[in-house]
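*Asks:* Sequence and predicted structure are below.
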Amino acid sequence: MSVEALVLDTMLAVLAAPLAGVALAHRRARAPGGSFRRLRAIVWRLGALAAAYAGGCGIADWSRPASASMPHAPAVAFVTLAAVTLTLAAVGACCGSAFSDVLDGAACALAIAVAGAAGLLMLGSIGASAPTPVIDAALLASPVFATASAANIDVLRSDLLYGLSPLARVRFDYPPWQTSVMAHVAVAGALFAATAFNLVRRGRVLPAERISI
């Protein structure tokens, strides 16, 4: 798989998964039933979405002929893509359940997703001067770098970014794919827990809103 294709797949997840999470959480927040039932519906739908998207990207990659210059990506890259997509969708679910206005939730979710994906690059020389553990943690948090490193692709030192980012010339270590998957699934779990809290809070507020109307 080419660097450009993998980055494009991941960036599409960065933009689309949070919006899907916001839309679903906002709709389920107003649905009848208990908070646990609504959370369960959100989690399994977003989990299925993440698995289907990563699986579709994997099928598309493995269905094309491989070559020496563009081999197939390893399966662990798509496992990592599924994990980061789930986390991005969980960001959307948390924001969508926290804001009463769906546009506010969408703006917040996209800001968090984009900052997590490319914040280190946006900082430029400031990011490059950060301590190595900080850079390593930022690479772990980034969906783009976590997925690319799982495919053994050095994005920062590729032709795409080498001339643009000073990070390519400093010392850092990409995270192992197992660490990326576990970290992103753990973050997704924490975000879904926050979503559950928001659903309980919204469940208390909505009846009061209906009474006032």
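*Replies:* Ah, there it is.

*Asks:* For the closest residue to F172 other than its chain neighbours, what is the enclosing helix or strand?
*Replies:* Leaving aside its chain neighbours, F172 sits nearest to I135 (4.6 Å; criterion: CB to CB, 6 or more residues apart in numbering). Every C-beta, even on glycine, is put in place using the N, C-alpha and C of the backbone. Assigned by DSSP states H and E, I135 belongs to helix 132-141.

*Asks:* Same question for A82.
*Replies:* helix 75-98.

*Asks:* packing partners for the helix or strand bottoming out on mean pLDDT in the chain?
*Replies:* One helix or strand of the chain scores below all others by mean pLDDT, DSSP states H and E: helix 125-128, with a mean of 72. Here helix 125-128 touches helix 102-122, helix 132-141, going by 3 or more CB pairs under 8 Å, 6 or more residues apart in numbering; DSSP states H and E.

*Asks:* pLDDT (mean, whole number) over the shortest one?
*Replies:* Per-region confidence: helix 132-141 scores 89 on mean pLDDT.

*Asks:* Where does pLDDT dip in this protein?
*Replies:* Counting by pLDDT under 70, the ranges of the chain that qualify are 1-3, 31-33, 66-71, 159-164, 166, 168, 202-213.

*Asks:* Can you name the residues that contact the most centrally placed residue in it?
*Replies:* Per CA atoms, centre = their mean, the C-alpha nearest to the average position across the chain is that of L88, at 2.9 Å. Residues in contact with L88, defined by CB atoms under 8 Å, 6 or more residues apart in numbering, are 13-14, 17-18, 21, 113, 143.

*Asks:* Farthest-apart pair in those, please.
*Replies:* G21 and P143 (13.7 Å; CB to CB).

*Asks:* So for those two, which residue has more residues nearby?
*Replies:* Comparing G21 with P143 by other CB atoms under 10 Å, the one with more neighbours is G21, at 33 against 25.

*Asks:* element containing that one?
*Replies:* When the helices and strands are read off by DSSP H and E, the one containing G21 is helix 3-29.

*Asks:* Mind giving me the packing neighbours of the helix or strand just after that helix?
*Replies:* Heading C-terminal from helix 3-29, the first helix or strand you meet, by DSSP H and E, is helix 35-62. In terms of contacts (3+ CB pairs under 8 Å, 6+ apart), helix 35-62 is packed against helix 3-29, helix 75-98, helix 177-212.
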